[in-house]
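A.B. asks: Sequence and predicted structure below; questions after.
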2 protein chains.
Amino acid sequence: MATDSKLQQEIKKRTPFHSPEQEAYLNLMRTSDLLQNQMGRFFREYGLTASQYNVLRILRGEGQPLPSLEIAERMIQVVPAITGLIDRLEKQGLVERRRCENDRRVVFVEITPQAIKLLAKIDKPLEDMHKHMLGHLNRGELKQLSSLLEKARTLDGG
Amino acid sequence: MATDSKLQQEIKKRTPFHSPEQEAYLNLMRTSDLLQNQMGRFFREYGLTASQYNVLRILRGEGQPLPSLEIAERMIQVVPAITGLIDRLEKQGLVERRRCENDRRVVFVEITPQAIKLLAKIDKPLEDMHKHMLGHLNRGELKQLSSLLEKARTLDGG
DNA sequence: CGCATATACTTTACGCGTAAACTATCGCTG
DNA sequence: CAGCGATAGTTTACGCGTAAAGTATATGCG
């Protein structure tokens, strides 16, 4: 590199990156962190966290109750966190737990009408939020970014 | 889109994405999450977390003690978390706190020789790790990814 | 000098991520 | 039907992120 990269200046890193891999990795971390923070603030206005919103979005999209683990699988994450997540949503009256009759190990989670109404209120502002965050990239750039990110995942778990 | 995107399949999303912005955003979240998990497991082998490693890396790079807030500024994050982080590093004997004489509000954080040795042990494997995670993208792709991510940040806080 | 404001950090309260251990239920096998 | 392993979910312990409030020290201003 002839000049310091933008990221290098941002984090006041003195030495250049060891490799383009490292630079891409750190760029990824920093960018996702910034966007996540923005999304966090956005959802807070509705009394939700990003994770909670995700659960509700999945349930609405499915159109019927889902087992806890099924939800966990679809969220980028791991099992035990889902319990607390559902706990808090239940406390807010946004979902209900229901034991499965046939297999009493399974807990179905059902979205409530109240949550449906909340999601409806969020839909449009959320779309606007996405545009606000990434709308300065044109369609081709967005496609390319998505494509590179998908490729980045192909080895390790995607 | 003619066919479902890769991400859409991964998360069993039924409806297509509302916009390329949304798709890029979700791709970003998912990718960073996967890579973060891998890095977390990597650092755990050395008794560190990614955040702890970051603090140490900054201190080593600086070559001299730094005020807590200066460290916080350089980590992608916010203030109060730094206290606990330093606490835990101090407990492990990897850093030392030292009150500034001139301005007794300031706490300088100094890296210990033990931590320097630990970092030295990590350097090479970490480089390998970056290659492992992203080495299947060629140099041009990595540059482009970095560049798109930097552009993504230009509006909102970068 | 004395007090208000700012600064550097810490503390507290809370949400969520990870891993590991535990509980309850199911299904299979003898 | 007794027992064993698998499966669904919860609990616990810990680290770290956020926000908001609190403490200690410094600084500027009348």
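C.D. replies: Alright, I've got the coordinates.

A.B. asks: Now for the residue nearest to residue A:26 when sequence neighbours are not counted, how many residues are close by?
C.D. replies: Closest residue in space to residue A:26, ignoring its immediate chain neighbours: residue A:7 at 6.0 Å, by CB to CB, 6 or more residues apart in numbering or on different chains. Placement of C-beta: from N, CA and C, glycine included. For residue A:7, the count of nearby residues is 21 (other CB atoms under 10 Å in any protein chain shown).

A.B. asks: Quick one: residues contacting residue A:7.
C.D. replies: A:13, A:23, A:26-27, A:30, B:146, B:150 (CB atoms under 8 Å, 6 or more residues apart in numbering or on different chains).

A.B. asks: can you list those residues in a markdown table and add distance to residue A:128?
C.D. replies: Formatted as a markdown table, the contacts of residue A:7 follow (distance: CB to CB, whole Å):
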| residue | distance to residue A:128 |
| --- | --- |
| A:13 | 34 |
| A:23 | 31 |
| A:26 | 29 |
| A:27 | 25 |
| A:30 | 24 |
| B:146 | 27 |
| B:150 | 23 |
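
A.B. asks: Please check these and keep the buried ones.
C.D. replies: A:13, A:23, A:26-27, A:30, B:146, B:150 (16 or more other CB atoms under 10 Å in any protein chain shown).

A.B. asks: Between the two ends of stretch A:8-23, how far is it?
C.D. replies: End-to-end span of stretch A:8-23 (CA to CA, to the nearest Å): 9 Å.

A.B. asks: avg pLDDT for that stretch?
C.D. replies: Averaging pLDDT along stretch A:8-23 gives 77.

A.B. asks: element containing residue A:89, please.
C.D. replies: helix A:79-91 (DSSP states H and E).

A.B. asks: How about residue A:40?
C.D. replies: Here residue A:40 is assigned to helix A:20-44, by DSSP H and E.

A.B. asks: does any bit of whichever helix or strand comes after that helix sit next to chain B?
C.D. replies: Beyond helix A:20-44 on the C-terminal side, the first helix or strand identified by DSSP H and E is helix A:50-62. Yes: using CB under 8 Å from any CB of the partner chain, helix A:50-62 reaches chain B at A:61-62.

A.B. asks: Show me how far helix A:50-62 is from its chain's centre.
C.D. replies: 10 Å (CA atoms, centre = their mean, to the nearest Å).

A.B. asks: Stretch A:21-41 too?
C.D. replies: 12 Å.

A.B. asks: Please apply the same query to stretch A:148-158.
C.D. replies: That offset, for stretch A:148-158, works out to 17 Å (CA atoms, centre = their mean).

A.B. asks: What of stretch A:81-92?
C.D. replies: The answer for stretch A:81-92 is 16 Å, by CA atoms, centre = their mean.

A.B. asks: which parts of it are buried?
C.D. replies: A:82, A:85-86, A:88-89.

A.B. asks: In this structure residue A:95 contacts residue A:87, no?
C.D. replies: No: using CB atoms under 8 Å, residue A:95 is not in contact with residue A:87; the gap is 9.8 Å.

A.B. asks: give me the low-pLDDT residue ranges for chain A?
C.D. replies: The model of chain A has pLDDT under 70 over residues A:1-4, A:9-15, A:76-77, A:156-158.

A.B. asks: do that again at 50, thanks
C.D. replies: For chain A, the stretches with pLDDT under 50 are A:1-2, A:157-158.

A.B. asks: sorry, back to before: which one of the buried ones among the contacts of residue A:7 is nearest residue B:105?
C.D. replies: Of all the buried ones among the contacts of residue A:7, residue A:13 has the smallest distance to residue B:105: 26.7 Å, by CB to CB.

A.B. asks: Is the helix holding residue A:40 positioned near DNA strand D?
C.D. replies: Yes: applying CB under 7 Å from any atom of the strand, one finds that helix A:20-44 is in contact with DNA strand D at A:37, A:40-41.

A.B. asks: Among those, name the buried ones.
C.D. replies: By neighbour count, with 16+ other CB under 10 Å, those hold residue A:37 as buried.

A.B. asks: I'd like the residues of helix A:20-44 next to DNA strand D laid out as TSV, including distance to residue A:119.
C.D. replies: Converted to TSV, these look like this (distance: CB to CB, whole Å):
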residue	distance to residue A:119
A:37	22
A:40	17
A:41	18
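
A.B. asks: What is the nearest of the residues of helix A:20-44 next to DNA strand D to chain B?
C.D. replies: residue A:37 (7.6 Å; CB to the nearest CB).

A.B. asks: returning to what we had before: just put the buried ones among the contacts of residue A:7 in JSON lines and tack on distance to DNA strand C.
C.D. replies: Formatted as JSON lines, those follow (distance: CB to the nearest atom of the strand, whole Å):
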{"residue": "A:13", "distance to DNA strand C": "19"}
{"residue": "A:23", "distance to DNA strand C": "24"}
{"residue": "A:26", "distance to DNA strand C": "20"}
{"residue": "A:27", "distance to DNA strand C": "21"}
{"residue": "A:30", "distance to DNA strand C": "18"}
{"residue": "B:146", "distance to DNA strand C": "25"}
{"residue": "B:150", "distance to DNA strand C": "26"}
